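Asker: Need coordinates for the below:
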Amino acid sequence: IDRKVYGEKHSEVATDMLNLAEFYGEVGRYNRALDYLRESLVIRKEVSGEEHPSVATVLNNIAGVYCDMNRPDKSVKYQEEALAIDRKNYGNDHGEVATDLSNLATYLSMVVEQGGADRTEDAVKHFHEALDIKRKVFGRDHSSVATILNNLATLYRDIGKEEEAIKYGREAVDIL
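Answerer: I've put the predicted structure just below:
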């Protein structure tokens, strides 16, 4: 309906594509989800410009679908693009940037787990940066801070740094 009302290249159509992609991703039809996301991305770039926050949102969603497909190498590429756009739009101390950093760190950790390039140090750095931002933006006791602390604890456990894992795990539990 929106295509008939607004035409092919309209933000409402891009939003429809994004919503359809989310549905297909939830039911495990990842390739179909990616098709809708790519279509949404083309429209968003055309309508809003290459560096609009809505473009970053679509890139973030593409990264998430690749993660669901167990392709974190692809997730990293799209998440890095989303992060760059969000930094340009919001600066460094913004919740969206922190979320992008946390997602990127998660994908980098997954790449390492799968035997890919060892970017553990990058993952740790991104988690810490995300943690600092979330604390500034939302306060020390926010649930999103606990999530990042838990992710850090898991990463430290996975790389054999038990003391760090316990430290961050306890901090997360104290918040929850």
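Asker: State the pLDDT value of the residue positioned nearest the centre of the chain.
Answerer: Computing the C-alpha centroid of the chain and ranking residues by CA atoms, centre = their mean puts residue 103 first, at 3.8 Å. pLDDT recorded at residue 103 is 98.
Asker: which residues touch it?
Answerer: For residue 103, the contacting residues are 60, 63-64, 75, 79, by CB atoms under 8 Å, 6 or more residues apart in numbering. C-beta here means a position set from N, CA and C on the backbone, and glycine is covered the same way.
Asker: And for residue 141, the neighbour number?
Answerer: When neighbours are defined as other CB atoms under 10 Å, residue 141 has 11 of them.
Asker: residues in contact with the spatially closest residue to it that is not a sequence neighbour?
Answerer: The shortest distance from residue 141 to any residue that is not its chain neighbour, by CB to CB, 6 or more residues apart in numbering, is 5.3 Å, and that residue is residue 175. In this structure, residue 175 makes contact with 140-143, 145-146, 149, judged by CB under 8 Å, 6+ apart.
Asker: May I ask which helix or strand encompasses residue 160?
Answerer: Here residue 160 sits in a region with no helix or strand, counting by DSSP states H and E.
Asker: which regions of this protein sit below the pLDDT cut-off?
Answerer: Low-confidence segments of the chain, defined by pLDDT under 70, are located at 1-8, 10.
Asker: Thank you kindly, that will do.
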